[in-house]
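**Student:** What follows is a predicted protein model with its sequence.
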Amino acid sequence: MPPLVQLPTVPRAFYNRDPRIVGRELLGKVLLRREGRALLAGRIVECEAYLGPEDPAAHAASGKTARNAVLFGPPGYAYVYFIYGNHWCLNVSCLPDGTPGGLLFRALEPLAGIPRMAANRHLEPSQLRLIASGPGRLSEALAITRPRDNAKDLTSPKSDLRIVDDGFRPDAIRESPRIGIRKAMDLPLRYTIANSPYISAKRP
DNA sequence: TTATAGATTGCCT
DNA sequence: GGCAATCTATAAT
């Protein structure tokens, strides 16, 4: 297996599709972060699709604003927002320019840079499943913020935040209702790798 | 201009 | 299981 940094970056065309397709196929891919000379990485084990006007739970549902503009732009870009006065959440835009949609990254299986990620989370490196099992935790582990990362191109091999494919394919994928929303709670748009111990704790 | 809900987390009982 | 923390976007006055 070549080093993580030499793996192929997932191309823009991958994201130029319905988030419900992209979400399923994103499971197992590797999110890479360069922090100075350090390399941080984790395998995507949980994500959620957010659609357009037909999805009342989506930020894009109420129209384009300065905050959510990335969701309306071309596919493959980072949409980062702040929630509950405490946490940053990372999404990737999907569908062509002008059509809103995206995926929320909810949990990673830590792969590389574990001591650094644990330090970012004020944890011991042994507390593996607390490092990135939740959207706020994931962002804190990778030091993701809106000022630093919003609108960043996740498909550029030179980007300090990107997604690569190491060939791993999950044995089984689970679809379930999305977490933490008050609207459209019945839609099964949450995707997890079945039996992964690294998904966020609420509900299997 | 003020109010409130929110794609969460961690600490309390 | 309950709830405070703490900021922002948007809705309501």
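**Tutor:** Great, that's in hand.

**Student:** mind listing what's buried in stretch A:18-37?
**Tutor:** In terms of neighbour count (16 or more other C-beta atoms under 10 Å), stretch A:18-37 has its buried residues at A:19-20, A:22-23, A:25-34. Bear in mind the C-beta positions are built from the backbone N, C-alpha and C, glycine included.

**Student:** what sits opposite residue A:112 in the beta ladder?
**Tutor:** Going by DSSP bridges, residue A:112 is paired in beta bridges with residue A:41.

**Student:** Next one: it relative to residue A:35, how far apart?
**Tutor:** Distance of residue A:112 to residue A:35, computed by C-beta to C-beta, to the nearest Å: 11 Å.

**Student:** can you give me the helices for chain A?
**Tutor:** A:12-15, A:19-26, A:69-72, A:114-120, A:135-141, A:146-149 (DSSP state H).

**Student:** rewinding a little: of the buried residues of stretch A:18-37, closest to DNA strand C?
**Tutor:** Ranked by distance to DNA strand C (C-beta to the nearest atom of the strand), the buried residues of stretch A:18-37 are led by residue A:19 at 19.0 Å.

**Student:** any idea how far residue A:188 is from the closest residue in space to the closest one that isn't next to it in sequence?
**Tutor:** Counting by C-beta to C-beta, 6 or more residues apart in numbering, residue A:19 lies nearest to residue A:49, which is 3.8 Å off, once chain neighbours are set aside. Applying C-beta to C-beta, the value for residue A:49 to residue A:188 is 10 Å.

**Student:** Kindly report the same for residue A:109.
**Tutor:** For residue A:109, the distance to residue A:188 equals 22 Å [C-beta to C-beta].

**Student:** Identify the residues contacting the nearest residue to residue A:77 once chain neighbours are set aside.
**Tutor:** Closest residue to residue A:77 apart from its sequence neighbours, by C-beta to C-beta, 6+ apart: residue A:93 at 4.7 Å. Contacts here follow C-beta atoms under 8 Å, 6 or more residues apart in numbering; on that basis residue A:93 touches A:15, A:70-71, A:73-79, A:101-102.
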